[in-house]
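Engineer: sharing a model that was predicted from the sequence below.
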Amino acid sequence: NLQDNRANLHPLWKGEIDVPGGSRQSPINIRIRDSVFHPQLAPVHTQYDPNTCLHIWNNGYSFFVEFDDSTDKSIVSGGPLENPFRLKQFHFHWGRNNDWGSEHTVDSRVFPAELHLVHWNCSKYRTFEEAIMEPNGLAVIGVFLKIGKQHEKLQKLVDILPSVRYKDALTEFNYFDASCLLPSCVDYWTYSGSLTTPPLTESVTWIIMKKPIEVDHSQLAVFRSLLFTAVGEEEKYMVDNFRPLQPIMNRTVHSSFE
Ligand SMILES: NS(=O)(=O)c1ccc(O)c(NC(=O)NCCc2ccccn2)c1
Ligand SMILES: [Zn+2]
């Protein structure tokens with residue numbers, strides 16, 4: 001039965017979503033009962049300097065808050081990581097409504113959105129661009145978002161989103177403490193995976209926080225007011241910018257908690 005090759009076309013990237021030969025692709029469904037507790041997995045330690053925050057920009061797939069990664073001022077260490085990794089940017093993935101939007105799922109539970117804090121291995125590579133092509137180049141902390149009370153610290157970011165409504169828009173955004181987006185619970189799962197957008201390289205140590213953070217529905221509604229499209233193009237709302245689940249293949253998800 002010839003597979004309809006349009007089925008393989010990603011709605012967002014207009015390209016093949018299967019990476020031929022990919023054995024560690026992301027995102028995945030985390031099956032809690034299959035995860036293996038690793039007592040040696042220490043808590044993940046983040047040390048973020050709010051002054052390293054540079055700007056926010058719409059890259060046509062999500063909005064990125066980018067950081068100055070020319071020093072070790074904003075880093076993540078501990079957990080499954082052998083050495084510190086530098087914070088480069090954070091971004092989100094979300095749905096057209098509150099019923100879906102996250103990339104990873106937990107026992108098939110989908111969340112309305114997912115935050116990715118992206119760090120690169122500055123001990124082994126010279127630049128982020130180099131690191132994303134290497135097997136242990138990146139460490140991405142994933143945090144689920146659920147609908148609940150308003151996230152006060154996120155509001156500063158939400159308020160500036162209209163200024164990056166269009167693809168390629170960029171706005172100065174300095175002094176933001178990214179650690180305010182982490183849940184208070186330190187429990188996490190970790191596994192070896194990939195970028196969830198092109199170039200889809202298998203360079204990521206994923207650290208997925210067990211507990212979600214809460215945002216209110218009006219904050220997520222502002223995410224959905226962004227556009228995939230540039231000024232002058234036919235407007236397409238930036239929604240459903242998540243990748244479908246990928247096969248776990250022969251990987252084990254480890255947990256930092258019992
Ligand atoms: N979603 S993720 O795996 O955390 C991640 C982290 C760092 C990254 O640089 C990327 N991907 C990325 O920046 N790709 C270049 C821009 C782009 C191209 C196509 C689709 C989405 N984004 C994804
Ligand atoms: Zn992402």
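Structural biologist: Thanks, I have the structure now. Numbers count the residues shown, from 1 in each chain. Ligands and ions are numbered 1, 2, ... in the order given.

Engineer: rest of the way, CA atoms for contacts and neighbours
Structural biologist: OK.

Engineer: which positions in the stretch 151-258 of the chain make contact with ligand 1?
Structural biologist: Residues of the stretch 151-258 of the chain lying close to ligand 1 (C-alpha under 6 Å from any ligand atom) are L195, T196, T197, P198.

Engineer: to clarify, my last question referred to the stretch 1-150 of the chain.
Structural biologist: Residues of the stretch 1-150 of the chain lying near ligand 1 by C-alpha under 6 Å from any ligand atom: Y61, H116, V118, V140.

Engineer: which pair in those residues spans the largest distance?
Structural biologist: Maximum pairwise distance among those (C-alpha to C-alpha): 17.4 Å, between Y61 and V140.

Engineer: more neighbours, the two?
Structural biologist: V140 (26 against 22; other C-alpha atoms under 10 Å).

Engineer: and the contacts of the host helix or strand of the more buried one?
Structural biologist: Take DSSP states H and E as the rule and V140 turns out to sit in strand 138-147. With contacts defined as C-alpha atoms under 8 Å, 6 or more residues apart in numbering, strand 138-147 is touched by 85, 98, 102, 111-121, 131-132, 182-183, 203-217.

Engineer: ok, A42 to R109 distance?
Structural biologist: A42 sits 26 Å away from R109, going by C-alpha to C-alpha, to the nearest Å.

Engineer: between the two, which is the more surrounded one?
Structural biologist: Neighbour count, other C-alpha under 10 Å: between A42 and R109, A42 has more, with 16 against 12.

Engineer: relative to ligand 1, how far out is the nearest residue to the more buried one once chain neighbours are set aside?
Structural biologist: In this structure, A42 finds its nearest non-sequential neighbour in G79, 4.6 Å apart by C-alpha to C-alpha, 6 or more residues apart in numbering. Shown here: G79 relative to ligand 1, a distance of 18 Å by C-alpha to the nearest ligand atom, to the nearest Å.

Engineer: how many neighbouring residues does G79 have?
Structural biologist: 17.

Engineer: was I right to think it contacts P39?
Structural biologist: No. Here G79 does not reach P39: they are 10.6 Å apart, not a contact under C-alpha atoms under 8 Å.
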